[in-house]
Every structure is written in C-alpha cells, then in structure tokens.
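Novice: I would like to see how this sequence folds:
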Amino acid sequence: MVKLEPAGCDLLEAAACRVAHLSLRYNQISDAGAEHLGRCLGNVTSQNTHLTTLNLAGNRISDVGARHIANVSCTDHMAA
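Specialist: Down below sits the predicted model:
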C-alpha cells in the first residue's frame, strides 16, 4: 500500500504550490488515505488554490473517503 508522506502533503499545502493537475490513479489509496489527502488539500487555515483536477481512479476509496475529498472541494474552486 502506498502512503501519503508528510513531505508530499507539505508541498500540496504550501502557498507556492502551483500544481494544477494531480493524478494519483491506481495507488491503492484507502478511505484513510483519502481523509489524509483531504487534510493536505485544505483546512480552515490554508487551501491549495491552484489544483483544478484530481484523478483518483482505480483506488480503494468508498463514499466515506470521497466525502473527505468533497468537503475540501466544495469549499474551494474545484467544485465549480
């Protein structure tokens, strides 16, 4: 199983992050990983404002994990 490392999350959270398209297809990401990714992408104090597409196809994310991602995207421009 692939784990999201803190260094990767630090990069996504950084104000200078210019990643617009991120593909994490087929990385065996679980609901716990989706929750962690959601926290990396945004919280009350910071949000990645450049990411416009996120591909998570082929992972092990259920509706529960998807909600963690959706909670971030609904408060950000990704929902548009």
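
Novice: Break down this structure into its strands, ranges please.
Specialist: Secondary structure of the chain by DSSP state E: the strands cover 21-23, 53-55.

Novice: residue contacts, the residue nearest the centre of the chain?
Specialist: The centre of the chain sits closest to Leu37, judged by C-alpha atoms, centre = their mean, with a distance of 4.0 Å. When contacts are counted by C-beta atoms under 8 Å, 6 or more residues apart in numbering, Leu37 touches Leu4, Cys9, Leu24, Ile29, His68, Ile69. Every C-beta, even on glycine, is put in place using the N, C-alpha and C of the backbone.

Novice: wait, isn't Asn55 in contact with Tyr26?
Specialist: No - counting by C-beta atoms under 8 Å, Asn55 does not reach Tyr26; the two are 9.8 Å apart.

Novice: Show me the shaky parts of this protein.
Specialist: 1-8, 43-48, 73-80 (pLDDT under 70).

Novice: Show me the helices in it, by range?
Specialist: 6-13, 31-41, 63-73 (DSSP state H).

Novice: Among these, which comes closest to Ala20?
Specialist: helix 6-13 (11.9 Å; C-beta to C-beta).

Novice: can you put the strands of the chain in JSON lines and add distance to Asp63 and mean neighbour count?
Specialist: Compiled in JSON lines, those are given as follows (distance: least, C-beta to C-beta, whole Å; neighbours: other C-beta atoms under 10 Å):
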{"stretch": "strand 21-23", "distance to Asp63": "21", "mean neighbour count": "12"}
{"stretch": "strand 53-55", "distance to Asp63": "17", "mean neighbour count": "13"}
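
Novice: Can you convert these into CSV and add a column each for distance to Gly42?
Specialist: Below are the strands of the chain laid out as CSV (distance: least, C-beta to C-beta, whole Å):
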stretch, distance to Gly42
strand 21-23, 13
strand 53-55, 12
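
Novice: Leu41 is nearest to which of those?
Specialist: Short answer: strand 53-55, nearest of the strands of the chain by C-beta to C-beta, at 7.9 Å.
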